[in-house]
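Undergrad: sequence-free structure coming up:
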C-alpha cells in the first residue's frame, strides 16, 4: 500500500473516530443532564424547602457532566488538528 493511500485511510478513520467521540459524548451528557433535571424536579416537588440547597448541587453536577463532554471534545479536536497518528506515519 502506498503512502498516500495509507495517509488517506488514517485521515478517514480519524474523522470517523472524531464523529463517534463527539456524538456519544453529547448523547451521554444530554441523557445525564435530563435524568438529573428530572430527579431535581421530583425532589423539589416533595420538599420545596430544600430547593436552594438542591439547586446549587444540581448546577455543580451539571458542570461536572458537561466537563466530561468538553474533555472528549478537546481530545477530538486534538486528533482533528494535530493528529499524532498522521505525523508518526509521515515521519516513517
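TA: Great, that's in hand. This one's a predicted model, so the numbers in the text were calculated from it and none came from an experiment. Residues are numbered from 1 along each chain as shown.
Undergrad: only C-alpha atoms for contact and neighbour calcs from this point on.
TA: OK.
Undergrad: Tally up the residues packed near residue 8, please.
TA: 12 (other Cα atoms under 10 Å).
Undergrad: What residues does the spatially most central residue of the chain make contact with?
TA: Geometric centre of the chain, nearest residue: residue 69, 2.6 Å, by Cα atoms, centre = their mean. Contact analysis of residue 69 by Cα atoms under 8 Å, 6 or more residues apart in numbering lists 22, 25, 26, 29.
Undergrad: for the chain, longest helix please?
TA: Longest helix of the chain, by residue count under DSSP state H: helix 3-46.
Undergrad: Lowest average confidence across helices and strands of this structure, where is it?
TA: Every helix and strand of the chain was ranked by mean pLDDT, DSSP states H and E. The lowest is helix 84-91, at a mean of 82.
Undergrad: Could you tell me the angle between that one and helix 3-46?
TA: Interaxial angle of helix 84-91 relative to helix 3-46 (axes from the mean of the first three to the mean of the last three Cα atoms, to 10 degrees): 170 degrees.
Undergrad: do you know how far residue 67 is from residue 23?
TA: Noted for residue 67: a distance of 15 Å to residue 23, by Cα to Cα, to the nearest Å.
Undergrad: Buried residues in the strand or helix carrying residue 67, which are they?
TA: Assigned by DSSP states H and E, residue 67 belongs to helix 51-81. Under the neighbour-count criterion of 16 or more other Cα atoms under 10 Å, helix 51-81 has 51, 54, 58, 62, 65, 66, 69, 70, 72, 73, 76, 79 buried.
Undergrad: Need the mean per-residue confidence for that helix.
TA: For helix 51-81, mean pLDDT is 94.
Undergrad: Let me see the contact set for residue 43.
TA: Contacts of residue 43 by Cα under 8 Å, 6+ apart: none found.
Undergrad: In terms of pLDDT, where does it sit?
TA: Note on residue 43: pLDDT of 95.
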